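*Asks:* Starting from these lines, generate the structure:
(one chain, ligands or ions: 1)
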Amino acid sequence: MDFKIRVATKEDSKEISRMIMELAVFEKMPDQVKISHEELERDGFCQNPFFECLVAEVPEEHKSKEGFTVVGYALYFYTYSTWKGRSVYLEDLYVMPEFRGNGIGKGLLSKVAEVGKKKQCVRLQLSVLNWNTPSRDFYAAKGAQDLTVTEGWHFIRFDGQNLDNLANEAPKD
Ligand SMILES: CC(C)(COP(=O)(O)OP(=O)(O)OC[C@H]1O[C@@H](n2cnc3c(N)ncnc32)[C@H](O)[C@@H]1OP(=O)(O)O)[C@@H](O)C(=O)NCCC(=O)NCCS
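*Replies:* Residues are numbered from 1 along each chain as shown. So this is what the prediction gives:
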């Protein structure tokens, strides 16, 4: 199938927002999505963006049942390893179900790797749910190592009240 991978623009925010929800439904946590397309616009398409995004687009004649031509996305940003240096973190990788198995996911993932390499990143990292074995297999097949297995890392988060509490405990200047 014909498809094109391109850098997302502000005008893609609604499409990205739609697919973020589709991915959250797939991940069985749709209630967790609080982000709006306006926030995506603000955070991704500004002077110092918090993220970058690639989208996969198919020609009009291959549009989805619902009429969408933007059928996949990869959203990523940069992090830093004190051991290795510049890194890229892939927050989301998604291809709509009816377009899977056509090389689009691989295309998006490789493109993120290429973008990262151009910026001298030495790592591409991401998190995947334990039960999502198809995607875990997909990454493993591409040569990724599972750090939980090989190094025992846990993925830690502060948010909501716990984040507020922590911030409120900060020493005053
Ligand atoms: C994971 C995902 C992005 C892959 O996209 P895709 O377009 O279907 O994948 P591709 O067609 O590019 O497949 C690329 C390669 O992976 C292989 N592959 C694809 N799905 C696979 C699976 N479920 N198990 C093992 N290998 C798989 C393909 O055979 C292909 O191998 P090849 O390079 O030897 O030909 C897509 O399935 C998806 O959106 N899944 C749901 C959301 C998700 O889990 N995202 C990741 C969250 S971390």
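*Asks:* Please name the nearest non-neighbouring residue to whichever residue of the chain sits closest to the ligand.
*Replies:* Per CB to the nearest ligand atom, residue 105 is where the chain lies closest to the ligand, at 2.0 Å. The way it works is simple: take the backbone N, C-alpha and C, and place the C-beta from them, glycine included. Nearest non-adjacent residue to residue 105, counting by CB to CB, 6 or more residues apart in numbering: residue 95, 4.8 Å away.
*Asks:* May I have the phi/psi pair for that neighbour?
*Replies:* phi -130, psi 130 (degrees, to the nearest 10).
*Asks:* swap in residue 89?
*Replies:* According to degrees, to the nearest 10, residue 89 has phi -110, psi 120.
*Asks:* So it sits against residue 116, correct?
*Replies:* No - with contact defined as CB atoms under 8 Å, residue 89 does not reach residue 116; the gap is 9.5 Å.
*Asks:* what residues do those two have in common as contacts?
*Replies:* Counting by CB atoms under 8 Å, 6 or more residues apart in numbering, the shared contacts of residue 89 and residue 116 are 76, 124.
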